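# Okay, structure incoming, though there's no sequence with it:
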C-alpha cells in the first residue's frame, strides 16, 4: 500500500516536545493509514482525536464532538472535502472551526478552490507530523495569543 504513505516524519522533528493537551481534532480521510497515523501521533501529543472516513460522517458527528480543528481530505467518496468544508462554513455554529484541507493535488486551482470553500490552510500530501502540529498551533491558539498581546483596556 505505497499509495497510503502520505505522512512523513523528518529527522530532527521540531514538534517532538510539543504538548497539545485537550485540543479536539477531527481527521476526515478515506485512507485508513492516514487516519491511524494522524490519530496515534496527535494523541501522543495530548490531543483528543476522532477519525471518520468521509464528509457525511464528519457532518454527523461535528455537533456532538465540537472539534477545535478539522483536517479534511479533498478526494473522498460520497461527499468530497470541498463540499464538506463549504457545508461546515455555511453553518453559523461551526463556521469558526478551522478547516485544514489535505490533498495530493498541489496545483494553484485546487488550493484556490480550497480557500473558496472556506478552508484556512491547504496541506499537500505527503505532509509531515510537523505540518499537522504547525497547523494546530497556528489555527487553535490564535485567539488566545492575540488577546494576550492586547493592552488591558482592550480586553473584556
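Received the coordinates, thanks. All figures in this text were calculated on a predicted structure; none of them were measured in a lab.
# is it true that residue 104 touches residue 125?
Yes - the criterion here is CB atoms under 8 Å, and residue 104 meets it with residue 125 at 4.4 Å. Every residue, glycine included, has its C-beta placed from N, CA and C.
# which one of these two has more residues nearby?
When neighbours are counted by other CB atoms under 10 Å, residue 104 and residue 125 differ, and residue 125 comes out ahead with 19 against 13.
# need the contact list for the nearest residue to residue 42 once chain neighbours are set aside.
In space, and not counting its chain neighbours, residue 42 is closest to residue 49: 4.9 Å by CB to CB, 6 or more residues apart in numbering. The neighbourhood of residue 49, defined by CB atoms under 8 Å, 6 or more residues apart in numbering, consists of 25-27, 38-39, 42-43.
# where does residue 49 land in three-state SS?
Recorded secondary structure, residue 49: strand (DSSP: H, G, I helix; E, B strand; the rest coil).
# Just the pLDDT for it.
Note for residue 49: predicted pLDDT of 98.
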